[in-house]
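Peer 1: here is my input; please provide its structure:
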Amino acid sequence: MLAPLSVLGSDLPRIAAWPLAAAAAAYGLWQLRREAGRAPRQLVLATTAGGIDTLDGQPLQACRIAWRGPLAFVHAIGHDGRGQRLAWWPDTLPRPLRRELRLAAAARAASRRDRPMAP
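Peer 2: A predicted model of the protein is given here:
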């Protein structure tokens, strides 16, 4: 949304800046339309150690959740072996689900760490 303004605010010559700003605006509108039409994804994390994580009803072989600041990233491998990545701002979730996601991600990270010593 701000790409056309940043192009116009740059030191490009005006004869090149205006077409590039128009192209950036058109691309932004195209991306907006494409993302708005995309169906929401459903990620279900297993609550037990032997449970199966699912993404849109399909089982996952591996699923890892990472946080970078306010953003959440899911790296998953589907049952067909293909990798899938999701990135979103969890503030779009209701507060109880957001807290549940943070707790589930923290529990998974704690249980997957290697032990520093032999038992």
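
Peer 1: what strands line up against the strand ranked longest in the chain, and which way round?
Peer 2: The residue-count maximum for a strand in the chain (DSSP state E) belongs to strand 58-68. Counting by DSSP bridges, the strands paired with strand 58-68 are strand 54-55 (antiparallel), strand 71-78 (antiparallel).

Peer 1: so what touches the helix or strand of the chain with the lowest mean pLDDT?
Peer 2: Lowest on mean pLDDT, DSSP states H and E among the helices and strands of the chain sits helix 95-111, with a mean of 76. Here helix 95-111 makes contact (C-beta atoms under 8 Å, 6 or more residues apart in numbering) with Leu45, Thr47, Ala49, Arg64, Ile65, Ala66, Trp67, Ala72, Pro90, Asp91, Leu93. In this view, the C-beta of every residue, glycine as well, is placed from N, C-alpha and C.

Peer 1: these: which two are farthest apart?
Peer 2: Longest distance between any two of the contacts of helix 95-111 is 29.5 Å, between Ala49 and Asp91; criterion C-beta to C-beta.

Peer 1: compare these two (neighbour count), which wins?
Peer 2: Regarding Ala49 and Asp91, a neighbour count based on other C-beta atoms under 10 Å identifies Asp91 as having more, with 10 against 6.
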